[in-house]
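Engineer: All I have is the shape, not the residue letters:
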């Protein structure tokens, strides 16, 4: 009897993960449009530095510093989208969004930590890259870029949707 219950629970768990991965919902970042506003002529991305910090419990922590430059004579609040990318396995992880205040003609750096799963030691402290997009909510210099979360199709698996809202990897 206990074995049948264990098998039934295992099957329910497996099917739940399959459903979470197969079911598609509108992307929460671009609201199903497949693109987000970007203002490359308003704020330019000057550089990105990624440094490994530590590994624990099957996860790696990386410090990411993004360097921005304002090209306009007014203060802006921009969104910086950071998407960890493992070039070895060609896998992207959950996008992190930072809201950044940038003054007129200011050079600004913003730093944060990203966490990615590394259950099998595949990253080896050197393979992680980050994809960075900068967007602003202003209606000037408007340009659209492909949404980094859904990669332009407007839909994401339900599991990625849940990860986006709870900030997991």
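Structural biologist: Great, that's in hand. If you're wondering where the values come from, they're calculated on a predicted model, not measured in any experiment.
Engineer: for the nearest residue to residue 93 once chain neighbours are set aside, helix, strand, or coil?
Structural biologist: Closest residue in space to residue 93, ignoring its immediate chain neighbours: residue 84 at 4.2 Å, by CB to CB, 6 or more residues apart in numbering. In short, each C-beta sits where N, CA and C put it, glycine included. Of the three states, residue 84 takes strand under DSSP: H, G, I helix; E, B strand; the rest coil.
Engineer: What about residue 84, how many residues nearby?
Structural biologist: 23 (other CB atoms under 10 Å).
Engineer: Which residues are in contact with it?
Structural biologist: Residue 84 is in contact with 62, 92-94, 96, 114, 116, 128-130, 169, counting by CB atoms under 8 Å, 6 or more residues apart in numbering.
Engineer: Could you list every helix and strand that the lengthiest strand in the chain packs against?
Structural biologist: Assignment by DSSP state E gives strand 43-56 as the longest strand of the chain. Packed against strand 43-56, as judged by 3 or more CB pairs under 8 Å, 6 or more residues apart in numbering; DSSP states H and E, are the following elements: strand 59-70, strand 128-136.
Engineer: contacts for the shortest one?
Structural biologist: If I follow you right, that is strand 128-136. Strand 128-136 is contacted by residues 36-40, 42-45, 48, 50, 52, 60, 62, 64, 66, 68, 76-87, 92, 114, 116, 145, 148 when judged by CB under 8 Å, 6+ apart.
Engineer: Mind checking which of those residues are buried?
Structural biologist: Buried members of the contacts of strand 128-136, counted by 16 or more other CB atoms under 10 Å: 36-39, 42-43, 50, 60, 62, 64, 66, 68, 76, 78-86, 92, 114, 116, 145, 148.
Engineer: show me where pLDDT drops low in the chain?
Structural biologist: Within the chain, the stretches with pLDDT under 70 are 37-41, 87, 89-90, 119-126, 136-144, 165-169.
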